[in-house]
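Peer 1: need coordinates for the below:
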Amino acid sequence: MNQPLFLDDSASLIEFTRIYLALFYTFVAGFYTFRIIYKNRSTPKGVIFPGEQFCASWWNHMVFKFFRAAIWFVCVLRVFIPEVDSYLGLLNVLNGWPGVMFGNILLTAGFVLTMFVHFHMASLWRSGVDPRGPRELKTNGLYEFSRNPMYLGVVAAQIGFFLALPSVFSLICLVVGMIAVYRQTLVEEAHLEQHFPGEYKEYNN
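Peer 2: Numbering: from 1, shown residues only. Have a look, this model is predicted:
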């Protein structure tokens with residue numbers, strides 16, 4: 001029987017995804033590292049603002065850092081030691097075509113969206129809440145359709161990661177990540193409402 005035109009070899013797809021995730025998260029780590037170094041050079045006060053120790057924003061920042069590092073480490077380790085999979089709690093019922101392929105696509109699309117927003121924000125971009133800013137409220141471009149397009153990209157990528165590597169590990173990353181995103185959204189929106197009381201209220205309506 002002839003094979004269908006689309007990829008339906010789940011074993012090959014899973015092995016491809018094993019390598020793809022390692023390369024993808026290595027690229028993501030490199031992108032954010034160089035992006036922050038570059039932005040810090042042109043921004044005297046820096047662009048990273050986790051907030052005061054143990055505040056809500058600080059905890060969200062720490063959670064993001066920990067899980068980004070954990071995901072990168074696990075994905076790279078899986079390439080060299082495939083037996084690591086036995087410790088991740090794989091959900092075999094989801095580990096195949098078309099879920100894994102859709103996960104790869106969603107993961108990539110989510111990151112592309114966050115990169116686009118990064119460059120669209122230009123000098124206004126910050127990680128966390130800058131107590132001195134922002135100097136203007138961004139309402140054009142993607143911000144005409146969503147108050148948080150970057151976080152939409154982050155959530156899409158997190159869902160994509162779970163589908164690309166369906167496991168207890170990725171499910172924990174997804175749940176904790178979404179809680180952290182939601183909490184950080186509340187912190188940042190409260191800051192904008194305080195910084196631009198009239199303008200931000202009008203923008204929300």
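
Peer 1: next, count neighbours for the closest residue to Leu163 other than its chain neighbours.
Peer 2: Nearest residue to Leu163 in three dimensions, chain neighbours excluded: Gly103, at 2.8 Å (CB to CB, 6 or more residues apart in numbering). Every residue, glycine included, has its C-beta placed from N, CA and C. For Gly103, the neighbour count with other CB atoms under 10 Å is 23.

Peer 1: swap in Val181?
Peer 2: When neighbours are counted by other CB under 10 Å, Val181 registers 20.

Peer 1: where's the residue nearest the centre of the chain relative to Val187, distance?
Peer 2: Most central in the chain under CA atoms, centre = their mean is Val154, positioned 3.2 Å from the mean C-alpha point. Relative to Val187, Val154 is positioned 15 Å away (CB to CB, to the nearest Å).

Peer 1: cool, and Ser146?
Peer 2: Where Val187 is concerned, Ser146 sits at a distance of 17 Å (CB to CB).

Peer 1: Leu186 belongs to a helix, doesn't it?
Peer 2: Yes - counting by DSSP: H, G, I helix; E, B strand; the rest coil, Leu186 falls inside a helix.

Peer 1: need the pLDDT of the residue nearest to it when sequence neighbours are not counted.
Peer 2: Distance criterion CB to CB, 6+ apart; nearest residue to Leu186, sequence neighbours excluded, is Ala56 at 7.9 Å. As predicted, Ala56 sits at a pLDDT of 91.

Peer 1: and if you look at Phe161?
Peer 2: Phe161 is given a pLDDT of 98.

Peer 1: Leu88 reaches Ile172, doesn't it?
Peer 2: No - assessed by CB atoms under 8 Å, Leu88 is found out of contact with Ile172, at 10.0 Å.

Peer 1: tell me where the protein has strands.
Peer 2: Ranges of strands in the chain, per DSSP state E, are 48-49, 127-128.

Peer 1: point out the other helices and strands that the first one packs with.
Peer 2: When you say that, I think you mean strand 48-49. Contacting strand 48-49 under the criterion 3 or more CB pairs under 8 Å, 6 or more residues apart in numbering; DSSP states H and E are the following elements: strand 127-128.

Peer 1: state the mean pLDDT of the strand it packs on.
Peer 2: For strand 127-128, the mean pLDDT works out to 84.

Peer 1: can you tell me the closest non-neighbouring residue to Gly99?
Peer 2: Distance criterion CB to CB, 6+ apart; nearest residue to Gly99, sequence neighbours excluded, is Leu163 at 5.1 Å.

Peer 1: ok, the closest residue to Val181 other than its chain neighbours - contacts?
Peer 2: Nearest in space to Val181, with sequence neighbours left out and distances taken as CB to CB, 6+ apart, is Tyr151 at 5.1 Å. Applying CB atoms under 8 Å, 6 or more residues apart in numbering, we find Tyr151 in contact with 181, 184-185.

Peer 1: what would the residues you listed look like in CSV with distance to Ser42 and pLDDT?
Peer 2: What follows is these, written out as CSV (distance: CB to CB, whole Å; pLDDT from 0 to 100):
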residue, distance to Ser42, pLDDT
Val181, 27, 95
Gln184, 24, 95
Thr185, 27, 94
